[in-house]
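J.: the sequence isn't on hand, but the structure is:
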């Protein structure tokens, strides 16, 4: 009895029959070991950092630095559109999943080199802001904070980038372009806070330098974890027992980094279990002054035995109320675009900037504390967060008391 010959599977997926080719593209994991090895090799090649990755990282950093300098969201968007395909991030996840320490380190070093280029160009933008004495950095402050919308965009970007790169490794052109779009979201959550950190370091704006770097580290750890989870669902597994150890160690360190930094940031940023240094206006009711009291003093009887009531006015001493100075408040009112003003340590345009406050921020004005420096008048104020310093009088709007 003759058995039917088994059908050979072509090495090239494009040579498969149409039905099998469609079925292979619908599968999340490769069909067999040979296709898995071929897909892994193609994915490793696509995620390896290249010269294009470094070049476009430099261009992206330049666009982001200019956008932060002029506080322009459109220029920041341009910098993100110039960002490279974030393949090294998926490479870090791939090295974690398959347990290849060599590939993990190569992808991580490549990503760090691209990040250093973005950080370095942003340092120059911050130095230019210091020379030009720009004071409005609203976009930089927004992107230096951890937020749930940012985590959501990062998660979707990392998930779709990993999925699209695996599909594009199988010559899927639609997945290739989809991966480029998802990579833009991933670059937005990684390169923008990193650029803010470099910008704040040389611009002299407090909190931007450490906060931006913390946001970048947390986002990178989260993106690598989500990418590793996605690749695990797509059928990639460690090749050896050592690979499971490497992947588990990296995952544990990433979780500790995310929970530790975000937990500490939530306590400090939310002022939980910490005293609030915000000055409050206390109203002290005054007691009405005492009035004169009319008393009747009986007079001893005379010989006529006729009692004569005599009315005597007795004035009691009146307490003197010493008026206390009424706290005066002002609000930040700048005519510049995006609105805001700097709180400086000393009067003068060249003094150290403590922090930037946006329009409509209330300020407690210290009575009698007004100085002239650089041809301008400066008021000594206390901000709602407890910072005390000097601010231009022309950028403060003092409410005029109503006349009775």
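T.: Nice, I can see it. Just so you know, these numbers come straight off a predicted model, no measurement behind them.
J.: contacts, neighbours, all on C-alpha from now
T.: OK.
J.: so what touches stretch 204-221?
T.: 89, 126, 130, 140-141, 143-146, 151, 154, 189-191, 193-201, 254-255, 257-258, 261-262, 352-356 (CA atoms under 8 Å, 6 or more residues apart in numbering).
J.: note down every partner strand of the host helix or strand of residue 380 and its orientation.
T.: Residue 380 belongs to strand 376-382 when assigned by DSSP states H and E. Looking at strand 376-382 with DSSP bridges, its partner strands are strand 362-373 (antiparallel), strand 388-392 (antiparallel).
J.: worst average pLDDT in these?
T.: Note on the strands paired with strand 376-382: strand 362-373 shows the lowest mean pLDDT, a mean of 86.
J.: do you have the helices of the stretch 51-200 of the chain handy? List them.
T.: 51-69, 73-81, 87-98, 101-132, 138-142, 148-168, 173-203 (DSSP state H, counting those that start in this stretch).
J.: picking that back up, ranking the strands paired with strand 376-382 by burial, who's on top?
T.: Per-stretch averages of neighbours, counted by mean count of other CA atoms under 10 Å, single out strand 388-392 among the strands paired with strand 376-382, with a mean of 23.
J.: can you list contacts of that one?
T.: Contacts of strand 388-392 (CA under 8 Å, 6+ apart): 341-347, 354, 376-382.
J.: after that strand, which helix or strand is next?
T.: Downstream of strand 388-392, the first helix or strand assigned by DSSP H and E is strand 396-397.
J.: quick one: strands adjacent to that next one?
T.: Per DSSP bridges, strand 396-397 is paired in its sheet with strand 328-332 (antiparallel).
J.: which positions within the partner strand qualify as buried?
T.: Judged by neighbour count using 16 or more other CA atoms under 10 Å, the buried positions of strand 328-332 are 329, 330, 331, 332.
J.: what mean pLDDT does that strand have?
T.: Taken as a whole, strand 328-332 has a mean pLDDT of 86.
J.: got it, and stretch 153-160?
T.: For stretch 153-160, mean pLDDT is 94.
J.: stretch 393-404 too?
T.: Mean pLDDT, computed over stretch 393-404, is 68.
J.: now swap in stretch 165-182 and tell me
T.: What stretch 165-182 shows for mean pLDDT is 76.
J.: any idea how far apart the tips of that stretch sit?
T.: 10 Å (CA to CA, to the nearest Å).
J.: now do the same contact list for the nearest residue to residue 188 once chain neighbours are set aside.
T.: Once flanking residues are discounted, residue 188 sits nearest to residue 80: 6.0 Å by CA to CA, 6 or more residues apart in numbering. By CA under 8 Å, 6+ apart, residue 80 lies in contact with 60, 63, 64, 184, 187, 188, 191, 192.
J.: what of residue 40?
T.: No contacts exist for residue 40 under CA under 8 Å, 6+ apart.
J.: where's residue 376 relative to residue 394, distance?
T.: Counting by CA to CA - residue 376 and residue 394 are separated by 8 Å.
J.: next one: residue 99
T.: From residue 99 over to residue 394 the distance is 61 Å, taken as CA to CA.
J.: what does residue 189 give?
T.: Distance of residue 189 to residue 394, given as CA to CA: 37 Å.
J.: and the two? which has more neighbours close in?
T.: Using other CA atoms under 10 Å as the criterion, residue 189 and residue 394 rank with residue 189 on top: 23 against 14.
J.: which residue is the nearest non-sequential neighbour of the more buried one?
T.: For residue 189, ignoring the flanking residues on the chain, the nearest one in space by CA to CA, 6+ apart is residue 154 at 6.0 Å.
J.: that neighbour contacts residue 223, doesn't it?
T.: Yes: counting by CA atoms under 8 Å, residue 154 touches residue 223, with 6.7 Å between them.
J.: now do the contacts for the residue nearest to residue 101 when sequence neighbours are not counted.
T.: Of all residues not flanking residue 101 in the chain, residue 95 sits nearest, at 6.4 Å (CA to CA, 6+ apart). By CA under 8 Å, 6+ apart, the contact list for residue 95 reads 101, 102, 103, 104.
J.: now swap in residue 200 and tell me
T.: Under the criterion of CA under 8 Å, 6+ apart, the neighbours of residue 200 are 123, 126, 206, 207, 208, 209.
J.: with residue 347 instead?
T.: With contact taken as CA under 8 Å, 6+ apart, residue 347 is in contact with 371, 372, 373, 378, 390, 391.
J.: and the pLDDT at it?
T.: 90.
J.: so it, which of the three states?
T.: Three-state call for residue 347 (DSSP: H, G, I helix; E, B strand; the rest coil): coil.
J.: need phi/psi at it.
T.: With angles defined as degrees, to the nearest 10, residue 347 sits at phi -60, psi 140.
J.: tell me how far it lies from residue 378.
T.: Distance, residue 347 to residue 378, by CA to CA: 6 Å.
J.: give the residues shared as contacts by these two.
T.: Between them, residue 347 and residue 378 share the contacting residues 371, 372, 390, 391, judged by CA under 8 Å, 6+ apart.
J.: which among those gets closest to residue 73?
T.: If you rank the shared contacts of residue 347 and residue 378 by distance to residue 73 using CA to CA, residue 391 comes first, at 26.8 Å.
J.: partners of that closest one in the sheet?
T.: What pairs with residue 391, by the bridge criterion (DSSP bridges), is residue 379.
J.: thinking again about what came up before, per-residue pLDDT of the residue nearest to residue 101, please?
T.: pLDDT recorded at residue 95 is 88.
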